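*Asks:* sequence and predicted structure are below.
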Amino acid sequence: MYHLMKGLYLYATSKEGNVPTYADCKASRADTYSEYSILLLGLDNAGKTTLLEQIKAAHSPHGHPNLKTVPTVGQNVTTITLPDLYLKLWDVGGQHTLRGLWQSYYTSCHAIVFVIDSTDVGDADLERLAAAGKEGADEERFGRLDECRLVLEDVLQNQETEGVPLLVLANKQDREDCVEVVRIKEGLVRKVVESEKGGSVRDSRVLPCSALTGTGVQEAVEWLCSRVKWNKESRPPVMR
Ligand SMILES: Nc1nc2c(ncn2[C@@H]2O[C@H](COP(=O)(O)OP(=O)(O)OP(=O)(O)O)[C@@H](O)[C@H]2O)c(=O)[nH]1
Ligand SMILES: [Mg+2]
């Protein structure tokens, strides 16, 4: 309210052009105070908390990321301030027993980031996994690929995530034993998103990143900002 009043005051008291109109004041108020919630999901050990720490550090003046994470039990929350909006990031525990809690965040989130450990999905080829059958799906060959597929399907199939933009991060790209992002995109994500179990039509993207080094983190934040704004008719921000 203060900023709206201030804008109107400037408008009313100014004599020359180039001053904000009433519509400008309203628009700038709307942008400045829009808050969007981003939900970080993925299997345990994928790198969600490390990612949260990197994003937090990149947006605070004396930021050094705390990269010594422990498995999350419950949640970590951080709000970052960007030029035209706030992003509130919710990092929740990915352990099997904690995944039941995820759905309580679905209705209020504006975008989902699904973090994948690119060193723990074999060669990320769901077709090969299917061909190998249950017995062939050994951990050495496929890592946690099948678990990852099931969990991603479960998120996308939930009615409360309908239409919510999805960013999949192929994390740990700094490691030599990682699978390339293109394989994760073609072999895993596209197959899930385009299958019956991929849920509703939504904006989605797969990006490479290293939460540990920070590579790709800024691109991820930029993508999220643009998509939550595009989708704001369906999921309006919280105004504050
Ligand atoms: N090499 C490498 N290691 C990473 C990266 N991101 C996370 N790690 C490591 O992976 C381990 C798990 O990271 P976390 O961020 O705690 O994983 P999480 O997804 O929050 O796990 P939960 O809280 O159990 O759901 C830690 O040892 C991190 O240092 C990365 O980009 N590269
Ligand atoms: Mg964690």
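*Replies:* Looks like it came in fine. Here the structure is a predicted model, which means the values were calculated and not measured. Ligands and ions are numbered 1, 2, ... in the order given.
*Asks:* now the helices for the chain?
*Replies:* Counting by DSSP state H, the chain has these helices, from start to end: 2-13, 22-32, 48-58, 103-106, 126-136, 139-142, 145-157, 181-183, 190-194, 217-230.
*Asks:* any idea which of these gets closest to ligand 1?
*Replies:* Distances from ligand 1 to each of the helices of the chain were compared using C-beta to the nearest ligand atom; the minimum, 3.4 Å, belongs to helix 48-58. For the C-beta atoms, the positions are set from N, CA and C on the backbone; glycine is no exception.
*Asks:* tell me how far the residue nearest the centre of the chain lies from residue 196.
*Replies:* Among the residues of the chain, the smallest C-alpha distance to the mean C-alpha position (C-alpha atoms, centre = their mean) belongs to residue 113, namely 2.4 Å. Residue 113 sits at a distance of 23 Å from residue 196 (criterion: C-beta to C-beta, to the nearest Å).
*Asks:* what residues does this structure put near ligand 2?
*Replies:* Taking C-beta under 5 Å from the ion as the criterion, the neighbours of ligand 2 within the chain are 48, 49, 72.
*Asks:* swap the cut-off to 8 Å and go again
*Replies:* Taking C-beta under 8 Å from the ion as the measure of proximity, the chain contacts ligand 2 at 44, 48-50, 52, 69-72, 76, 91-94.
*Asks:* which of those residues count as buried?
*Replies:* For the residues of the chain next to ligand 2, burial is judged from neighbour counts taken by 16 or more other C-beta atoms under 10 Å, and it is met by 44, 48, 49, 50, 52, 69, 72, 76, 91, 92, 93, 94.
*Asks:* buried residues in stretch 88-105, which are they?
*Replies:* Counting neighbours by 16+ other C-beta under 10 Å, one finds that the buried residues in stretch 88-105 are 88, 89, 90, 91, 92, 93, 94, 98, 99, 102, 105.
*Asks:* where in the chain is pLDDT low?
*Replies:* The chain contains residues with pLDDT under 70 at 1-32, 134-137.
*Asks:* go again using 50 as the cut-off
*Replies:* Scanning the chain for pLDDT under 50 picks out the ranges 1-27, 29-31.
*Asks:* contact partners for the residue lying closest to residue 56 once chain neighbours are set aside?
*Replies:* In space, and not counting its chain neighbours, residue 56 is closest to residue 78: 4.7 Å by C-beta to C-beta, 6 or more residues apart in numbering. Contact analysis of residue 78 by C-beta atoms under 8 Å, 6 or more residues apart in numbering lists 52, 55, 56, 88, 89, 91.
*Asks:* how close does the last one get to residue 69?
*Replies:* Using C-beta to C-beta, one gets 10 Å for the distance from residue 91 to residue 69.
*Asks:* between these two, which contacts overlap?
*Replies:* Contact criterion C-beta under 8 Å, 6+ apart; residues shared by residue 91 and residue 69: residue 49.
*Asks:* and residue 208, bridged to which residues?
*Replies:* residue 170 (DSSP bridges).
*Asks:* how about the residue nearest to the centre of the chain, what does it touch?
*Replies:* Under the criterion of C-beta under 8 Å, 6+ apart, the contact list for residue 113 reads 38, 39, 40, 41, 42, 48, 51, 167, 168, 169, 220, 224.
*Asks:* and those, which is closest to residue 155?
*Replies:* Checking the contacts of residue 113 against residue 155 by C-beta to C-beta gives residue 41 as the nearest, at 6.1 Å.
*Asks:* now, the residues of the chain next to ligand 2 that are in strands?
*Replies:* Assignment to strands by DSSP state E places the following of the residues of the chain next to ligand 2 there: 76, 91, 92.
*Asks:* list just the nearest of those to ligand 1.
*Replies:* Sorting these by how near they are to ligand 1, with C-beta to the nearest ligand atom, puts residue 91 at the top with 6.5 Å.
*Asks:* and the closest one, what does it touch?
*Replies:* Taking C-beta under 8 Å, 6+ apart, one finds 40, 48, 49, 51, 52, 72, 75, 76, 77, 78 in contact with residue 91.
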